[in-house]
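> Just the structure for this:
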Amino acid sequence: MTKTYSMDSLKEKLAELSDVIPTHSSVVYLDYPLYGNVGDLLIMKGTEAFFNAYGIHVRERWNAENFIPGRKMPKDAIFVCQGGGNFGDLYPHFQQFRERVIEHYPNNRIVILPQSIYYENEENIKRTKDILTAHPDLHLFTREKASFQFAKRHFQGMKNIRMMPDMAHQLWPLEPAEKPSEPVLRFIRTDKEANESLQEAGEPDTYDWPVMLSDSDKRGIKRLQTLNALNKKAGNLLPIAHYWKRYSDRLVNKSVRFFSRYESVVTSRLHGHILSCLLQKENVVIDNSYGKNANYYNTWMKDIPNTKLIQENGAKTEEPPVLV
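Take a look at the predicted model:
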């Protein structure tokens, strides 16, 4: 029998992460997003909320640009890698960063928070498998059934593969910042994951994360990214993670206010859908280019009230495709 989930139970499900990140343990949080994709910022905020809820001490925070693998770490420090949808070869920069960390720290536990998996090249899958299976204490959490099945099939020899909802669910519930004053928000992605056959982008009333953020917001992000690069050259003397926490809080709060203005949401962004649910808004989620949204919806969200999925007729969502 297929299990049904509520927003309460999805947050409670995340408590199972304490099996591998025990309460009061000490962690190094890696790959936090230093850019303007608010969906990834929601994941980061949910991760930090999880750390706080379970008394986990974060000894260091590093983004993918300023961490130097090989840096000395105590053996009892648990490396915790940011979750999201960039596991595979669609976003190679982040995947290569994770793989370097895994190779450099065979004596530390490494936990990869819930990720969706997508590969276009069979050789890249083999490379990842060799790196993952060589580590004796690596724990991979997949974000939906399709990615879980993919990992079990392609990463044979890796024992610690489990399934967990997105870390943004730790933020449940979010209070709307204001009463709705507009009917429907169309929040449609415009990047490489856009599903052109299902969505209509570019209309005057269509938004995406880059459109929602102001030029001032983008300049602030760029300044912090530049400071981060200079800081690395100087030996990482400045607390970039602290600066970014304050600035990213502002970006997330702005997004909550923006979504709060609308009665309902139509979106092809997974975190447009999740944020709508966190705010208890009626919403329709459109599948992305390779089935990520549909896979997530069918795994966790299909019984959440006032939600609906639009996907290709006959689309298969059992396992992320590999294009070779």
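
> Mind naming the longest strand for this protein?
When the chain is parsed with DSSP state E, its longest strand is strand 110-118.

> so what strands line up beside that strand?
strand 78-81 (parallel), strand 84-88 (parallel), strand 138-142 (parallel) (DSSP bridges).

> Low-confidence ranges, the stretch 1-150 of the chain, go.
Applying pLDDT under 70 to the stretch 1-150 of the chain flags residues 1-2.

> all helices for it, in order.
7-13, 38-53, 92-104, 122-134, 145-154 (DSSP state H, counting those that start in this stretch).

> Identify the bridge partners of residue 112.
residue 81, residue 140.

> Just to check, it is in contact with residue 101?
No. Checked against CB atoms under 8 Å, the pair residue 112 and residue 101 is beyond contact range at 9.7 Å. C-beta: built from backbone N, CA, C; applies to glycine.

> who touches the residue nearest the centre of the chain in this structure?
Central residue of the chain (CA atoms, centre = their mean): residue 84, 2.2 Å from the mean position. Going by CB atoms under 8 Å, 6 or more residues apart in numbering, residue 84 touches 33, 39, 40, 43, 115, 116.

> and what of residue 94?
Contact partners of residue 94, counting by CB under 8 Å, 6+ apart, are 31, 64, 86.

> and the gap between the first one and residue 181?
For residue 31, the distance to residue 181 equals 37 Å [CB to CB, to the nearest Å].

> Over to the last one?
When distance is defined by CB to CB, residue 86 is 35 Å away from residue 181.

> could you check the angle strand 84-88 makes with the helix or strand containing residue 277?
Element membership of residue 277, judged by DSSP states H and E, is helix 270-278. Note on geometry: by axes from the mean of the first three to the mean of the last three CA atoms, to 10 degrees, helix 270-278 and strand 84-88 are set 150 degrees apart in direction.

> CA-only coordinates of helix 270-278, as CSV, when you get a sec.
Extracted in CSV, the C-alpha atoms of helix 270-278 (Å, rounded to 0.1, in the frame of the first residue of the first chain):
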residue,chain,number,x,y,z
LEU,A,270,9.8,22.6,-7.5
HIS,A,271,10.4,25.1,-4.7
GLY,A,272,7.7,27.3,-6.1
HIS,A,273,5.4,24.3,-5.4
ILE,A,274,7.0,23.5,-2.0
LEU,A,275,6.9,27.2,-0.9
SER,A,276,3.3,27.4,-1.9
CYS,A,277,2.5,24.3,0.3
LEU,A,278,4.5,25.7,3.2
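
> After that helix, heading C-terminal, what element do we hit next?
Helix 270-278 is succeeded, C-terminally, by strand 282-286 (DSSP H and E).

> what is the mean pLDDT for the helix or strand following that next one?
Following strand 282-286 in sequence order, the next helix or strand is helix 292-296 (DSSP H and E). Helix 292-296 shows a mean pLDDT of 93.

> again with stretch 210-230
Averaging pLDDT along stretch 210-230 yields 97.

> So for it, what gets flagged as buried?
Of the residues in stretch 210-230, those buried by neighbour count under the rule 16 or more other CB atoms under 10 Å are 212, 213, 217, 220, 221, 224, 225, 228.

> picking up where we left off before, who has more neighbours, residue 86 and residue 181?
Neighbour count, other CB atoms under 10 Å: between residue 86 and residue 181, residue 86 has more, with 24 against 9.
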